[in-house]
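# Quick one, what's the 3D model for this:
(2 chains)
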Amino acid sequence: NAGVTQTPKFQVLKTGQSMTLQCAQDMNHNSMYWYRQDPGMGLRLIYYSASEGTTDKGEVPNGYNVSRLNKREFSLRLESAAPSQTSVYFCATSRRGGYEQFFGPGTRLTVL
Amino acid sequence: KQEVTQIPAALSVPEGENLVLNCSFTDSAIYNLQWFRQDPGKGLTSLLLIQSSQREQTSGRLNASLDKSSGRSTLYIAASQPGDSATYLCAARNTGNQFYFGTGTSLTVIP
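Sure, this is the predicted structure:
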């Protein structure tokens, strides 16, 4: 079992470009999350999906959109990237909302 | 909003020492608290999850405690090893599905 996978592992964008970060899980979990991790800030929740077909904003949703494509996949889209979105992005899953979370390896994004 | 603090930010100990990592939270109405380990350039690995009804949770050399009334959780690592060197993060969950993370304690175990 792969657990939680994220693609790509690294990405460099120019200001204004768009991209989609992909997350997939084979743990049969209902809930999925997107976080960003910045030095000195800890992890902050961007969006989460408590179950297939639902999404909710987290602490820092501005500039991002999400799609819960099916139970396995949850994508994060940056429509017009800004340097402030330079960060490490993590996807996580849990059996249900608020249960033990399991993380993917992360995507390191640089916006120039 | 829940605020989670981990002090110290960095800690160095000699191999074999027992140590305690601290996690403080401002809102005592938590449902659960999770401890993670993060190696450089990697994702987070779940270590322990403590429910609000529990006071302790153990896994191997790790023991996590939770005191809601004082707003504290501790992670005890027995007989530390160089392989324990990593950043340790705690995350507290209140109502809803959001976990709030501390900024972590970077642990170095010196051989």
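# Just the element for the most centrally placed residue in chain A, please.
Central residue of chain A (CA atoms, centre = their mean): A:W34, 3.0 Å from the mean position. Using DSSP states H and E, A:W34 sits within strand A:31-38.
# Indicate each strand paired with that strand and its parallel or antiparallel sense.
strand A:42-49 (antiparallel), strand A:87-94 (antiparallel) (DSSP bridges).
# B:V13 and A:T55, how far apart?
Applying CB to CB, to the nearest Å, one obtains 43 Å for the distance of B:V13 from A:T55. All C-beta atoms are positioned from the backbone trio N, CA, C, and that covers glycine.
# repeat for B:A86
For B:A86 relative to A:T55 (CB to CB), the value is 32 Å.
# and stretch B:82-100, does that touch chain A?
Yes. Contact between stretch B:82-100 and chain A, assessed by CB under 8 Å from any CB of the partner chain, occurs at B:89, B:91, B:93, B:96-99.
# just for the chain, where's the confidence low?
Let's take chain A. Chain A contains no residues with pLDDT under 70.
# could you do chain B instead?
In chain B, no residues with pLDDT under 70.
# Show me which residues of it are close to chain A?
Proximity of chain B to chain A, by CB under 8 Å from any CB, involves residues B:4, B:31-32, B:34, B:36, B:42-46, B:49, B:89, B:91, B:93, B:96-99, B:101-104.
# residues from chain A in reach of chain B?
Near chain B, when you scan chain A using CB under 8 Å from any CB, you find A:4, A:31, A:33, A:40-45, A:48, A:50, A:56, A:58-59, A:90, A:92, A:97-106.
# Which ChimeraX command selects the buried ones in the residues you listed?
Filtering these down to the buried ones (16 or more other CB atoms under 10 Å in any protein chain shown) takes a single ChimeraX command:
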select /A:4,31,33,42,43,44,45,48,50,58,90,92,97,98,99,101,102,103,104,105,106
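# got the contact list for whatever residue of chain A ends up closest to chain B?
Taking CB to the nearest CB, chain B has its nearest neighbour within chain A at A:G97, 3.5 Å off. Counting by CB atoms under 8 Å, 6 or more residues apart in numbering or on different chains, A:G97 touches A:30-31, A:48, A:50-51, B:96-97.
# now A:R77
A:18-21, A:64-67.
# which residues does it bridge with?
Residues in a beta bridge with A:R77, per DSSP bridges, are A:T20, A:N65.
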